[in-house]
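**Student:** With the sequence up front, the predicted model follows.
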Amino acid sequence: MDFQARKEANATVITLAGRLDAVTAPEYERRVQELVNGGDSRFVVDFDGLSYISSAGLRGLLVMAKLLKTKGGQVRFANVKGAVKEVFAISGFNALFGMDESVAAALETLS
Amino acid sequence: MNMIKVEHLSKKYGDLTVLKDVTVEIHKGEVISIIGPSGTGKSTLLRCLNLLEQPSGGSIQIGGVNIMDKNVDLPKIRQKANMVFQSFNLFSHLSVMENLTIGPMRLLGVSRADAERKALEMLRLVGVAEKAGNFPDELSGGQKQRVAIARCLAMEPEIILFDEPTSALDPTMVSEVLSVIRRLARDGMTMAIVTHEMGLAKDVSDRVLYMDEGVVYEMGPPEQIFDNPQREKTRTFVNRIRSVSFSIASLDYDLYAMNAEIEAFCEKQYLPRAMRQNLLLLIEELLQIYTPYLGRTALEVKVAYSEKSETVEIICESAGEMANPLEGEQMPDELGLTIIKSMTDSLSYQQADGKGKLIAVMKKLDK
């Protein structure tokens, strides 16, 4: 998994690539925790480069959402597609999270 | 009536045991197909039946005569149990007609006129009468094999032994030979056929012998062997199951190394990309539900693909007593099980003989 974070005007954009699975989910949780500890509370997660997600990856996203809830923060997901979108649909994540078709649209929604 | 009775037949080549202990009877008018993986002794069994191979032990009786008796009339045995070979074995320097008449004239004492009349009759039966004056090299593979069958019939055998009669043929020529064999079966000819043509074995046989490990591993009517095989190796063979297995002994298993092996396996089976993705996800989720137990139990994971039904099964076998992992009591949530259920057509777990066995049959892709 490749994890990149950049600051935009009103949120932090996390760009993911590769796989979010049992091996990489702990790292995802750790990196998000670091960002939140650093004061970030509004996020857009860009799934454009993510080709695979398993339940372990979904749990990482849930951990993030719970963490932000305690801080009064927010997260939106952008570019969820292909196999990842299917897993989201199976597990009901489509209804749990705010989804947007692009990072720009997600940032717009957050503002 | 028993035409052939084989008891405790064995055949060794030095230290190599090809036939361990074969016992089988073939009745008059019966068609037996002998199937099984390469190198399991199918052809050797057939060749022992007319002493092209000398058995190492056991007994063979043909029509009540013990053919392993030192004083046996070998040409007579080979006339009774005549063989059709994979590579035809026609005499290339003789015409088709001469190939058919030489045996009856020399071994049965038949006159040339009678032998030629019979030869023509047999050539008509297999549809190559117009080639009577040709030489084998002027014929196609299918025609050569039909001539070989006619030559065999001209000897008026009691049983024909077919040793992979279509293996050396181009696919386009297989059907012409198969239709001749089917016709002989309809006419009541006693036949033992070693074949890789499962369609033929299913259609024409009264009984099918599945050979493996140098024995008749399973024997039964074609409906049993092909549709409801009773033993595992038979099932693997008839369903053309290819598999890859992994042993997982601790929590520190290498998921990515396993994924790479599964990808290579899928590549070999030409499984579509989307199916591979689903398989990798399903396996990861199955391993996740076993995670709480992995420190205490060794897990064997087998991915089995059936070419026949185009289905993928994942079998997880765990040693020792453990709770049903599908009940998910040890899991933090239902996410993994939800994914597993959505990706499978059937999912079961059984505990028996100190082992737990989970079988997940993957959903096929929508076409």
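**Tutor:** Received it, and whenever you're ready, just let me know what you need.

**Student:** What backbone torsions are found at the one residue in chain A that gets nearest to chain B?
**Tutor:** The nearest approach of chain A to chain B comes at A:Ser55, 4.0 Å away (CB to the nearest CB). Using the backbone N, CA and C atoms, a C-beta is placed for each residue, glycine as well. Main-chain torsions, A:Ser55, degrees, to the nearest 10: phi -60, psi -30.

**Student:** That one: neighbouring residues, count only.
**Tutor:** 29 (other CB atoms under 10 Å in any protein chain shown).

**Student:** pLDDT value on it, please?
**Tutor:** Per-residue confidence at A:Ser55 stands at 96 (pLDDT).

**Student:** need the contact list for it.
**Tutor:** When the contact criterion is CB atoms under 8 Å, 6 or more residues apart in numbering or on different chains, the partners of A:Ser55 are A:Ser91, B:Glu285, B:Gln288, B:Asp333, B:Leu335, B:Gly336, B:Thr338, B:Ile339.

**Student:** Please repeat the previous calculation with a cut-off of 7 Å.
**Tutor:** B:Glu285, B:Gln288, B:Leu335, B:Gly336, B:Ile339 (CB atoms under 7 Å, 6 or more residues apart in numbering or on different chains).

**Student:** Contact residues of chain B facing chain A?
**Tutor:** Within chain B, the positions lying close to chain A (CB under 7 Å from any CB of the partner chain) are B:Leu255, B:Tyr256, B:Gln277, B:Leu281, B:Glu284, B:Glu285, B:Gln288, B:Leu335, B:Gly336, B:Thr338, B:Ile339, B:Ser342.

**Student:** The residues you listed in helices, which ones?
**Tutor:** B:Leu255, B:Tyr256, B:Gln277, B:Leu281, B:Glu284, B:Glu285, B:Gln288, B:Leu335, B:Gly336, B:Thr338, B:Ile339, B:Ser342 (DSSP state H).

**Student:** The first one: what's it in contact with?
**Tutor:** Spelled out, that is B:Leu255. A:Ala22, A:Val23, B:Glu284.

**Student:** now the residues you listed as a markdown table including neighbour count?
**Tutor:** Compiled in a markdown table, the contacts of B:Leu255 are given as follows (neighbours: other CB atoms under 10 Å in any protein chain shown):
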| residue | neighbour count |
| --- | --- |
| A:Ala22 | 19 |
| A:Val23 | 17 |
| B:Glu284 | 23 |
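
**Student:** What is the burial count for residue 89?
**Tutor:** Picked chain A for this. A:Ala89 - counted by other CB under 10 Å - has 13 other residues nearby.

**Student:** wait, chain B
**Tutor:** Neighbourhood size, B:Asn89 [other CB under 10 Å]: 15.

**Student:** Check the closest residue to it other than its chain neighbours and give its pLDDT.
**Tutor:** Of all residues not flanking B:Asn89 in the chain, B:Ala148 sits nearest, at 6.8 Å (CB to CB, 6 or more residues apart in numbering or on different chains). Predicted confidence (pLDDT) for B:Ala148: 95.
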